[in-house]
Every structure is written in C-alpha cells, then in structure tokens.
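[1] The sequence isn't on hand, but the structure is:
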C-alpha cells in the first residue's frame, strides 16, 4: 500500500504474493477486496469489491487521517480450486491537513492583528490632528 500526499492510498499487487499458480493463469477469475477501518467510535467495513483478473492495482480515494485501515485481497480461481488465503495490509494515513489548518489560522490571525494596529493608529492620528485644533480654539 502506497500512501499518497493527496490522502489517497494506492494498493498494488502481483500473483507472486500467493506463490506459483497450480493451474494456468486463465483459471484466475479475479480478485475480492475486503476492507475495514476503525474510526473513533465504531468500525466501518466495506463490502467485498470484485476486481477483474487483469487488475493489479486499486486506488482508495479520500482516506481519513489517524484511522487504521485493513485491506485484504484474495484471488478467485475457477472451481474446483479453492481460493488461497487472503493477503492483508494494515496502514494509517497521517493527518497532514491539520498542520495546514494551523498554518492558515495563524496567517489569518496575524493579518487581523496587523489590520487592528493600523486602525488604532488611524484613530489616534485622526483624534490628535483633527480634534485638537477644534478644542484649542474653544479654550
């Protein structure tokens, strides 16, 4: 399983993971992909995904950060050959988006502070230069 920067996971495989096939490759009917992931409060299974015999990769788009995933792949052969045991891989996607949110919030907060400083300086300038002559003539 290859975790990509955009939060997707690319799963790639070959038949060598299950050893040499006892029958010709034409007996391979496809693959069954089962997955599950553990969230904060509950476990979410996904139904069996049937993939073609020529398929050698699968893209899991939009994987959630800080969640443990388990993907199991099992080849399907024509009867009477029983299916070999599934090969499973477990992984966790790192929550890189949280770091981006903190950086963005810091930038926005800094911009607001700079604008408030400019507003305070403008109010002080107006108060000092426009209001003072009127008070001086009155006194």
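    Structure received. Quantities reported herein were computed from a predicted structural model and do not represent experimental measurements.
[2] What average pLDDT does stretch 57-67 get?
    Average pLDDT, stretch 57-67: 79.
[3] how far does it stretch from start to finish?
    Start and end residues of stretch 57-67 are separated by 22 Å (C-alpha to C-alpha, to the nearest Å).
[4] What does the nearest residue to residue 86 once chain neighbours are set aside show for phi and psi?
    Closest residue in space to residue 86, ignoring its immediate chain neighbours: residue 74 at 3.8 Å, by C-beta to C-beta, 6 or more residues apart in numbering. All C-beta atoms are positioned from the backbone trio N, CA, C, and that covers glycine. Backbone torsions of residue 74, given as degrees, to the nearest 10, read phi -130, psi 130.
[5] check contacts around the closest residue to residue 64 other than its chain neighbours.
    Using C-beta to C-beta, 6+ apart and skipping the chain neighbours, the partner closest in space to residue 64 is residue 93 (6.7 Å). Counting by C-beta atoms under 8 Å, 6 or more residues apart in numbering, residue 93 touches 3, 7, 9, 63-67, 69.
[6] Let's have those residues in TSV, adding secondary structure and distance to residue 109.
    Output for these, formatted as TSV (DSSP: H, G, I helix; E, B strand; the rest coil; distance: C-beta to C-beta, whole Å):
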residue	secondary structure	distance to residue 109
3	strand	31
7	coil	26
9	strand	33
63	coil	30
64	coil	27
65	strand	23
66	coil	25
67	coil	29
69	strand	34
